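**Student:** Sequence first, then the predicted structure:
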Amino acid sequence: MDQFVINLLFVGASFALYIGIAIWARAGSTSEFYAAGRGVHPVTNGMATAADWMSAASFISMAGLIAFTGYDNSTFLMGWTGGYVLLALLLAPYLRKFGKFTVPEFIGDRFYSPTARMVAVICLIVASVTYVIGQMTGVGVAFGRFLEVDNTTGLLIGACVVFAYAVFGGMKGVTYTQVAQYVVLITAYTIPAIFISLQLTGNPIPALGLFGEHTASGAPLLSKLDQIVTELGFNEYTAHHADTLNMVLFTLSLMIGTAGLPHVIMRFFTVPRVADARWSAGWALVFIALLYLTAPAVGAMARLNISEMMRPNGTAGEAVSVEQIENEERYAWMATWQKTGLLGWEDKNGDGKIQYYNDANPALAERAAASGWTGNELTNFNRDILVLANPEIANLPGWVIGLVAAGGLAAALSTAAGLLLAISSAVSHDLLKGQLTPNMSEKNELLSARIAMAVAIAVATYLGLNPPGFAAQTVALAFGLAAASIFPALMMGIFSKRINNVGAVTGMLVGLTVTLVYIFLHKGWFFIPGTNTFTDADPLLLSIKSTSFGAIGAMLNFATAIAVSRVTAAPPQEIQDLVESVRVPRGAGAAAADH
Amino acid sequence: MSDKPEESGYWAANIRIVTWCLVIWAIVSFGFGILLRPLLASIPVGGSDLGFWFAQQGSILVFLGLIFFYAWRMNKLDKEFGVDEQ
């Protein structure tokens, strides 16, 4: 069967499944729309959280970022999992006890201030919209390749599907769809990894294969990889090259950001009890870890495969010829990916071969001159295509490729749906119902939530067509914003009785503004290319890249809120009582019954 | 049993558990994974060293252990102080 037909079958069948579930579980009331009626089992919720949270960035981009950088990009692995520790220990049980629907609602009540709630809405929308951009880029890449249309058309098709799909179910529909999407995405991620691990190391568990022996050479896989990449002039894979301060701050930003992302926090409102919220965070990380322990193996093995393909006769031997790439079956993936514009090569010196090496490394200059190389000829290898192309690179059967297509889309769609839900509930529940039109009927509230989704997706699509970086880096910016604004306010709201309305609002504004300005100074104002004053290669402050700045923003938020609260009046007694009540699980059922 | 978590010692016990968990959380990731990696460089793990393993997999496994420990410990603490959900 033709590969295109197989892809279409897999993607089509998975879409039919999601839409079927969404129709079966569609939301009738606002409680179902915002919190799935609070009836979700902690393991189910953990699985849905995993799908909600593992996005196109985790599925499509992360292994590629690790593959081409090696150890230095372990920051993504630690950052995106470590945040769950913060979430489980510092936020989830207390916010569940509070028993309302949205993150801004907690901030508004705890800081007894509609202003605080509005600031939280703005922070939420900015972070979520930025985050949606990454998903849209990922959807575009996946559609573009598997349905053989260009990137832009792919993105537009993706936008329509996300829209049709997210508007259906609300939190209830989204939860059960996400469970299905998790199963699709984890299967799609692990099956090719198992095949490749068996091919290279003979170990069926990729996470163990990474530290196993490379069957062909008898050396440890990682030593073999280190050797090949250094011989081609690239950085040693397992060594530490990045700036340490930046690595620490970037990891911390991702951790705090994960714990501050409203669409993830919201998921913990759906479980029946406080004790369930604690377990559920653990289950979420179990399901996430299944992918995250595999990802570094996928990255390293793909890097090894690609390097060996470009140098089929060893690093010292002849490079792959243009003729081989055009005619041999095992290089067919290169031609297919070239069509998407995400992979490119050029025989610069006209020797009929594609010379893949690091032309910026002076150590290779001598060999290059002697062999007549005039620069690296694998001119473009977009990091985002690595996971999607991986099964083809390893020459796996057609159905695996179709499965990966469905998995990549499941990852992007489930996260996009969760984000759109967070955005639309902030607009309908916090902005309209909470502020502008408090007497709105439940029916109108649901309708406005759906309209808000439509607007959000239009904005995200526009920005997805003009993205500020790779999918994972775009997402990193959203994490910075969530870290700098939302997480500190929530944590201080629970762990301090002294932080008052003025302190919290100033803290959030300072954190958000400083972080946003720092990002815009480096990435361009509103991400418009060419309007930046600094670059991440040469940042404004020390070596701190704009993607690592969230942790600094969070510290500024904490410091400002504490300082301002100290010189202004303490919160009233009923707020201190509210904090007391949030701190103990007893009575959580009653809080939920208010709705 | 007091209604106020502060007076009963429940909150102080919680803070103690959280603090210890966060210390371990920081040591395995920022410590073993990044800053202390040179100290672990002499311990080989499959073609690389222990620091590399912590950065790519070990920290994630420890995070998992921490969250489940915390859930188990807190649900027990709730009962000890009689503040669990009934």
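**Tutor:** Perfect, thanks for sending it.
**Student:** Could you use CA atoms for every contact and neighbour count after this?
**Tutor:** Will do.
**Student:** Point out where the chain drops to low pLDDT.
**Tutor:** Unless you meant another one, I'm taking chain A. A:1, A:27-28, A:33, A:35-37, A:165, A:168-169, A:467-476, A:527-529, A:588-595 (pLDDT under 70).
**Student:** actually chain B
**Tutor:** For chain B, applying pLDDT under 70 flags the ranges B:1-7.
**Student:** That one against chain A: which residues are in contact?
**Tutor:** Within chain B, the positions near chain A by Cα under 8 Å from any Cα of the partner chain are B:4-5, B:11, B:18, B:22, B:25, B:29-30, B:34-35, B:45-48, B:52, B:55-57, B:59-61, B:63-64, B:66-68, B:70-71, B:75, B:78, B:83-86.
**Student:** Give me the buried entries from those.
**Tutor:** Among the residues of chain B next to chain A, those that count as buried by neighbour count (16 or more other Cα atoms under 10 Å in any protein chain shown) are B:5, B:11, B:18, B:25, B:29-30, B:34-35, B:45-48, B:52, B:55-57, B:59-61, B:63-64, B:66-68, B:70-71, B:75, B:78, B:83-85.
**Student:** Compute the distance between A:T379 and chain B, please.
**Tutor:** For A:T379, the distance to chain B equals 29 Å [Cα to the nearest Cα, to the nearest Å].
**Student:** go on, A:A57?
**Tutor:** A:A57 is 17 Å from chain B, by Cα to the nearest Cα.
**Student:** Just the residues of chain B next to chain A: which are in strands?
**Tutor:** Residues of those located in strands (DSSP state E): B:V45, B:S48.
**Student:** which helix of chain A spans the most residues?
**Tutor:** helix A:151-201 (DSSP state H).
**Student:** ok, now which ones touch the residue lying closest to A:F111 once chain neighbours are set aside?
**Tutor:** Of all residues not flanking A:F111 in the chain, A:N501 sits nearest, at 4.6 Å (Cα to Cα, 6 or more residues apart in numbering or on different chains). Counting by Cα atoms under 8 Å, 6 or more residues apart in numbering or on different chains, A:N501 touches A:F111, A:Y112, A:S113, A:A116, A:P571.
**Student:** And A:V286, by the same measure?
**Tutor:** By Cα under 8 Å, 6+ apart, A:V286 lies in contact with B:L64.
**Student:** and it, what helix or strand is that in?
**Tutor:** If you go by DSSP states H and E, A:V286 is part of helix A:274-292.
**Student:** got it, and A:Y356?
**Tutor:** Counting by DSSP H and E, A:Y356 is part of no helix or strand.
**Student:** Pretty sure B:L35 sits against A:N246.
**Tutor:** No. The criterion here is Cα atoms under 8 Å, and B:L35 misses it with A:N246 at 11.6 Å.
**Student:** thought A:D276 was touching A:V40?
**Tutor:** No. Taking Cα under 8 Å as the definition, A:D276 is not a contact partner of A:V40, at 9.5 Å.
**Student:** Tell me how far A:S128 lies from chain B.
**Tutor:** Distance of A:S128 to chain B, given as Cα to the nearest Cα: 25 Å.
**Student:** does that residue count as helix, strand or coil?
**Tutor:** The three-state label given to A:S128 by DSSP: H, G, I helix; E, B strand; the rest coil is helix.
**Student:** Just give the number of residues close to the residue of the stretch 301-450 of chain A found nearest chain B.
**Tutor:** Proximity of the stretch 301-450 of chain A to chain B (Cα to the nearest Cα) peaks at A:M301, 13.6 Å away. If you count neighbours by other Cα atoms under 10 Å in any protein chain shown, A:M301 ends up with 29.
**Student:** Helix A:151-201 and whatever helix or strand A:V121 lives in, what's the angle between them?
**Tutor:** In this structure, A:V121 sits in helix A:114-146 according to DSSP H and E. Angle, helix A:114-146 to helix A:151-201, by axes from the mean of the first three to the mean of the last three Cα atoms, to 10 degrees: 70 degrees.
**Student:** So what's the gap between helix A:114-146 and the chain middle?
**Tutor:** A distance of 10 Å separates the centroid of the chain from that of helix A:114-146, by Cα atoms, centre = their mean, to the nearest Å.
**Student:** can you check stretch A:374-384 too?
**Tutor:** Computed by Cα atoms, centre = their mean, the chain-centroid distance of stretch A:374-384 equals 25 Å.
**Student:** hmm, who's touching that stretch?
**Tutor:** For stretch A:374-384, the surrounding residues in contact (Cα under 8 Å, 6+ apart) are A:60-62, A:64-65, A:68, A:138, A:141, A:342-349, A:354-359, A:368, A:470-471.
**Student:** So for it, first residue to last residue, what's the gap.
**Tutor:** 27 Å (Cα to Cα, to the nearest Å).
**Student:** contacting residues around the top helix by length along chain B?
**Tutor:** Ranked by number of residues, the top helix in chain B under DSSP H is helix B:59-80. Residues outside helix B:59-80 that contact it (Cα under 8 Å, 6+ apart): A:77-78, A:81-82, A:84-85, A:88-89, A:275, A:278-279, A:281-282, A:285-286, A:289, A:293, A:584-585, B:10, B:14, B:17-18, B:21, B:25, B:28-29, B:33, B:54, B:84.
**Student:** Buried ones in stretch A:94-104, by neighbour count?
**Tutor:** The neighbour-count check on stretch A:94-104 (16+ other Cα under 10 Å) flags A:Y94, A:L95, A:R96, A:K97, A:F98, A:G99, A:K100, A:F101, A:T102, A:V103, A:P104 as buried.
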